[in-house]
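Asker: generate coordinates for the sequence data below:
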Amino acid sequence: MARTFVTDFVSIDPSPIWAVKLRAYKDDVRQLIGDQTYLDDPPHMTAYLARFPEGVEIDETIAEVAGQFAPLETELAGWHVLEADPWTGDRTLTIRVSQASQQALRDLQSKIAAAICEQRDREATLQHYAAVLENFTPLQRESIERSGFPYAGEDWNPQFTIASIRPADWKRVADTLLLQPPSGQSVCSSVTHYRIIDGETYPLQRYELR
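Answerer: Model prediction:
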């Protein structure tokens with residue numbers, strides 16, 4: 001009998017108040033240039049994504065990690081643009097957090113990945129990344145092959161993704177949104193376990209940081 005797998009990811013979530021602001025940025029992009037990749041995704045940072053054998057339970061482990069962290073204060077550091085997103089090839093508009101805020105987020109991301117990576121199916125996970133793996137740096141590929149995506153450590157840059165934007169549409173965004181960089185204080189207050197089914201994202205369980 002063929003083995004079956006599920007594609008799951010764990011996010012680090014902005015507080016509800018900040019999530020509303022992030023959705024407003026997504027709405028601004030949609031009004032300017034229409035549908036783009038990632039616009040329909042819930043506001044989040046991807047902490048871990050892999051393929052797991054169907055029936056493997058990771059929720060208890062995620063809950064244990066979440067219970068070790070208080071809500072994480074983050075200072076927003078303006079726009080950041082991935083000129084060639086490894087997944088889409090387009091320009092991806094994100095909001096970075098300040099250097100001072102990054103280590104706590106990296107600690108949470110690393111603990112999530114370490115806690116559940118051994119439960120993934122390594123071969124099925126690599127197949128999920130196969131078409132784009134060469135778009136990452138050698139160190140990033142090594143990390144992905146060793147433990148899954150996203151790559152861990154200092155190469156992981158905590159950021160909220162707004163949209164991945166086609167080159168033909170980029171100028172309208174650059175001429176409008178990039179002139180008003182986001183700033184101020186935010187909080188990451190939960191982590192969420194999601195499942196991807198036929199390209200659609202479905203939340204399974206959310207865990208509040210304590």
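Asker: where along the protein do the strands fall?
Answerer: 5-14, 45-53, 72-82, 91-97, 159-165, 183-197, 200-208 (DSSP state E).
Asker: for those, give me JSON lines that also has distance to Gln127.
Answerer: C-beta coordinates here come from the backbone N, C-alpha and C atoms, glycine included. Converted to JSON lines, the strands of the chain look like this (distance: least, Cβ to Cβ, whole Å):
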{"stretch": "strand 5-14", "distance to Gln127": "9"}
{"stretch": "strand 45-53", "distance to Gln127": "8"}
{"stretch": "strand 72-82", "distance to Gln127": "24"}
{"stretch": "strand 91-97", "distance to Gln127": "23"}
{"stretch": "strand 159-165", "distance to Gln127": "22"}
{"stretch": "strand 183-197", "distance to Gln127": "14"}
{"stretch": "strand 200-208", "distance to Gln127": "20"}
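Asker: out of the ones you listed, flag the one nearest Glu64.
Answerer: Closest to Glu64 of the strands of the chain, according to Cβ to Cβ: strand 200-208, at 9.3 Å.
Asker: helices and strands around the helix-or-strand element of the chain with minimal mean pLDDT, which ones?
Answerer: Here the helix or strand of the chain ranked lowest by mean pLDDT, DSSP states H and E is helix 138-147, holding a mean of 78. Contacts defined by 3 or more Cβ pairs under 8 Å, 6 or more residues apart in numbering; DSSP states H and E place helix 138-147 against helix 122-129.
Asker: okay, the helix it packs on in CSV with CA atoms only?
Answerer: What follows is helix 122-129 as a C-alpha-only set of coordinates in CSV (Å, rounded to 0.1, in the frame of the first residue of the first chain):
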residue,chain,number,x,y,z
ARG,A,122,12.5,13.3,4.7
GLU,A,123,12.1,12.0,1.1
ALA,A,124,8.6,13.4,0.7
THR,A,125,9.7,16.7,2.1
LEU,A,126,12.6,17.0,-0.3
GLN,A,127,10.3,16.2,-3.2
HIS,A,128,8.1,19.1,-2.1
TYR,A,129,11.0,21.4,-2.4
